[in-house]
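[1] Only the shape, not the letters, is given here:
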């Protein structure tokens, strides 16, 4: 289910997935197939980790990577969940063939995406 609300967002962020909702900053974003696919990948990640553990893992990984990269944005871009979602956001068939826990392939591969 998609919800539109400009109040959830900080800086340039325009979408957020909080199980079972995709929250978008503006109604026009609901037509962005790449963005919606990115957020749907997050919904799948959240479901397979039974929701609450996903958020705990996401926060812990972000904290560790923020210390590692000394940049909250670089940490965000290097989260295993985000790396999977960014890699496959342009592939509309990805979720049909995605294996469970695929985000774990991105845990140890060091590949900092600097802003």
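    Everything's here; your move. Since the model is a prediction, treat every value here as computed from it, not as a measurement. Numbering: from 1, shown residues only.

[2] ok, and the closest non-adjacent residue to residue 82?
    Leaving aside its sequence neighbours, residue 82 sits nearest to residue 76 (C-beta to C-beta, 6 or more residues apart in numbering; 6.2 Å). C-beta: built from backbone N, CA, C; applies to glycine.

[3] pLDDT on the host helix or strand of that neighbour, on average?
    When secondary structure is defined by DSSP states H and E, residue 76 falls within helix 72-77. Across helix 72-77, pLDDT averages out at 94.

[4] Mind jotting down where the strands sit in the chain?
    2-4, 15-18, 21-24 (DSSP state E).

[5] Residue 27 versus the residue most central in space within the chain, what's the distance?
    Nearest residue to the geometric centre of the chain (C-alpha atoms, centre = their mean): residue 82, 4.2 Å. Shown here: residue 82 relative to residue 27, a distance of 24 Å by C-beta to C-beta, to the nearest Å.

[6] Give me the pLDDT value at residue 10.
    Per-residue pLDDT puts residue 10 at 83.

[7] Same check on the one 5 residues further on?
    According to the per-residue confidence, residue 15 scores 96 in pLDDT.

[8] excluding its backbone neighbours, what's nearest residue 33?
    On the basis of C-beta to C-beta, 6+ apart, the spatially nearest residue to residue 33 that is not a chain neighbour turns out to be residue 92, at 6.8 Å.
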